[in-house]
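**Q** 3D model of this:
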Amino acid sequence: MPWVPFRIQRAAPKPTMAVDTIHTTKSSRDAHYHSLGIWHNIFRRTPQISQMNSIVNYSRYITPTSLARKASAIRKLMPLLKQPGMVSLGGGLPNPTMFPFVNRIEFEVTMPMLSSLHPSSHAADGLISFDSDKTTKLVLDGKDLEEALQYSATPGLPSLVSQLREIQSSEHKLDGVLAGEKNALYDLSVTVGSQDALTKAFEMLLQHDCDELLLENPTYSGALAFLQPYGVKLTPINTDNRGLDPDHLHKLLSSGETKRRRVLYCIPTAQNPSGITLDNERRLAIYELACEHDLIILEDDPYYFLHPERRSLVSFLELDAINCRSERQSIANDSDSNCGKGGRVLRFDSFSKIFSAGMRIGYVTAPLPLLERINMHIQGTNLHNCGVSQAMVSQLLKTWDANGFESHIDKVAAFYGRRRDWIVEAAEKYLRSTGSAPLASWTTPTAGMFLWLKLHNTSDTKSLIEEKAAAANVLFVPGQAFDPLDRPSPYIRAAYSTASRDDMNIAMKRLADLIRE
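**A** Got it, this is the predicted structure:
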């Protein structure tokens, strides 16, 4: 029986819900799936089955450098150190009695309240005024402090890893396939921000001068900083006001190959820099194409928690887990073919936007064989993420519980949604409602931190932004920085995450004046 892709009906895009609508129930999510015409059971939890529809042999995807990595002989000892009666002369751990941090580390955090989810009028400085959260003091002491200050396991502190598994299972419906389950296919590791895991995944899957990476245009400049000098072919995929265009992706995949084409890199939610969020119909179409053409998907989603309707979105990871649970068979019933099989998504998440950017807490969720390669890379570079940062986040999640975490996420999404409204208001005032031809155009983002502006009557914004705008005391980022092929661009990125409402107006006025010069 040949592999049959998920089926969807092509229809008009689902109308965008009001940004202030925070909660999307599971029933509304299921109703949306049904409205897309997806198979009756494809988005329902399915019972565990004896044989998963997943890739078994990943060797064809992994670079020779990554395949050559071996587990650290010393790192392998870490799980054994807690074994009762174990006497260790092998680990090389520094003696904790010589650490100057003693007794306790204390820090204060907010305790989210449901009443604080709805922002009141803005303060004079342009900041949103929420109903005040209570605060509480948290303490790292005893064994928690000892563990945080010492070398620890590469995947992360066990307490935090366990909490993150619960979050991923809840957010992406990974019941039955995440570590700890009988048919586990995925696990996760804590990394130094999500970018640490992302660059290690690039190194694992892309070989210099041999491989081709498919990616959105525009895309994240931080990823390009690694990729452009890395020596792989970058093939841009067109985007529009709904995000990555599956039709253009299909056209590219159907064309003749000049290099090995095995990886797709995508930022599906509140994309940086465009701010666009892929709708579920496109996500499904993209996943179908990845299955059909045997691509690994790198799902980079650091702005996921900023989306007010995140519960209505289906991630590539969730689609992949559904595919793994299904009893559909691969193309031509050929066990050597990976086409149609699941286990082809690596997902990168981050707490930088919701907890602290400086704590550098990110995590990657991936099929076990690929996660093993990333962990071996970590063992050979940074060993593991900061123990103190991990312990602080773990204590925070424990204190808040799931309800507190959800309340905080909702408040963050509302906060950035209001700021988005302010910058669009400023852009409308100075770039469109000027009594003459509009100076720029844009698509209003549903979430995130960025407004992607196309300036009219120019094909290259680089000198305007880097020279003239900087001289006029206003900063943006020229669109060329986000082009995979480093080509001139008529676009600029405006970040609305930290500027006050007044400063947003000043910035847009200065930009308008510069355009008119």
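
**Q** go ahead and name everything in contact with stretch 227-247.
**A** Applying C-beta atoms under 8 Å, 6 or more residues apart in numbering, the external contacts of stretch 227-247 come out as 13, 202, 206-219, 224, 248-249, 252, 258-259, 261, 266, 268, 271, 274, 276-279, 282, 285-286, 289, 443, 483-486. Heads up, the C-betas are built off the backbone N, CA and C, glycines and all.

**Q** for that stretch, buried residues please.
**A** Using 16 or more other C-beta atoms under 10 Å as the test for burial, stretch 227-247 gives 227, 230, 232-237, 239, 243-246.

**Q** ok so, going back, which PyMOL command selects the buried ones in the contacts of stretch 227-247?
**A** This is the PyMOL syntax for the buried subset of the contacts of stretch 227-247, where burial follows 16+ other C-beta under 10 Å:
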select buried, resi 202+206+207+211+212+213+214+215+216+217+218+219+224+249+252+261+266+268+271+274+276+277+278+279+282+285+286+289+443+483+484
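
**Q** in strands, which of the contacts of stretch 227-247 fall?
**A** 211-216, 261, 266 (DSSP state E).

**Q** quick check: which ranges of the stretch 301-450 of the chain have low pLDDT?
**A** For the stretch 301-450 of the chain, the stretches with pLDDT under 70 are 327-336, 434.

**Q** likewise the chain?
**A** Along the chain, segments meeting pLDDT under 70 span 1-52, 75, 90, 114-133, 257-259, 327-336, 434.

**Q** phi first, then psi, for Leu234.
**A** When read as degrees, to the nearest 10, the backbone of Leu234 gives phi -100, psi 120.

**Q** tell me what it is bridged to.
**A** Residues in a beta bridge with Leu234, per DSSP bridges, are Leu213.

**Q** count of neighbours near Ser350?
**A** 24 (other C-beta atoms under 10 Å).

**Q** so who does it touch?
**A** Contacts of Ser350 (C-beta under 8 Å, 6+ apart): 193-194, 302, 361-363.

**Q** switch to 7 Å and redo it
**A** Taking C-beta atoms under 7 Å, 6 or more residues apart in numbering, we find Ser350 in contact with 193-194, 302, 362.

**Q** now distance to Gly180 too, for the ones in strands among the contacts of stretch 227-247, in a markdown table please.
**A** Listed next are those as a markdown table, based on distance: C-beta to C-beta, whole Å:
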| residue | distance to Gly180 |
| --- | --- |
| Asp211 | 33 |
| Glu212 | 36 |
| Leu213 | 33 |
| Leu214 | 33 |
| Leu215 | 33 |
| Glu216 | 34 |
| Arg261 | 34 |
| Cys266 | 28 |
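
**Q** tell me the two of those that are most distant?
**A** Using C-beta to C-beta, the pair of those lying farthest apart is Asp211 and Glu216, separated by 17.7 Å.

**Q** hey, where'd the strands end up in the stretch 301-450 of the chain?
**A** 345-350, 361-367, 440-441, 450-455 (DSSP state E, counting those that start in this stretch).

**Q** out of these, the one nearest Glu106 is which?
**A** Judging the strands of the stretch 301-450 of the chain by C-beta to C-beta, what sits closest to Glu106 is strand 361-367, at 19.5 Å.

**Q** and that closest one, how far from the chain's centre?
**A** With C-alpha atoms, centre = their mean, to the nearest Å as the basis, strand 361-367 stands 9 Å off its chain's centre.

**Q** again, but for stretch 499-517
**A** The answer for stretch 499-517 is 30 Å, by C-alpha atoms, centre = their mean.

**Q** turn the strands of the stretch 301-450 of the chain into a markdown table, columns for distance to Ser500.
**A** Below are these laid out as a markdown table (distance: least, C-beta to C-beta, whole Å):
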| stretch | distance to Ser500 |
| --- | --- |
| strand 345-350 | 25 |
| strand 361-367 | 28 |
| strand 440-441 | 21 |
| strand 450-455 | 16 |
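
**Q** pretty sure Ala481 is touching Ser221, no?
**A** Yes: with contacts counted by C-beta atoms under 7 Å, Ala481 reaches Ser221, the gap being 4.7 Å.

**Q** which of those two has more residues huddled nearby?
**A** When Ala481 and Ser221 are compared for neighbours, Ala481 comes out ahead with 20 against 16, by other C-beta under 10 Å.

**Q** helix/strand/coil for that one?
**A** Secondary structure assignment for Ala481 (DSSP: H, G, I helix; E, B strand; the rest coil): helix.

**Q** residues touching it, list them.
**A** Ser221.

**Q** at 10 Å what do you get?
**A** 218, 220-221, 224-225, 273, 462, 465-466, 489, 491-493 (C-beta atoms under 10 Å, 6 or more residues apart in numbering).

**Q** show me just the buried residues among the residues you listed.
**A** Of these, these count as buried by 16+ other C-beta under 10 Å: 218, 220-221, 224, 273, 465-466, 489, 491-493.

**Q** is it possible to export the contacts of Ala481 to CSV including distance to Leu295?
**A** What follows is the contacts of Ala481, written out as CSV (distance: C-beta to C-beta, whole Å):
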residue, distance to Leu295
Pro218, 20
Tyr220, 19
Ser221, 23
Leu224, 20
Ala225, 23
Pro273, 24
Lys462, 32
Ile465, 34
Glu466, 35
Ser489, 26
Tyr491, 27
Ile492, 31
Arg493, 27
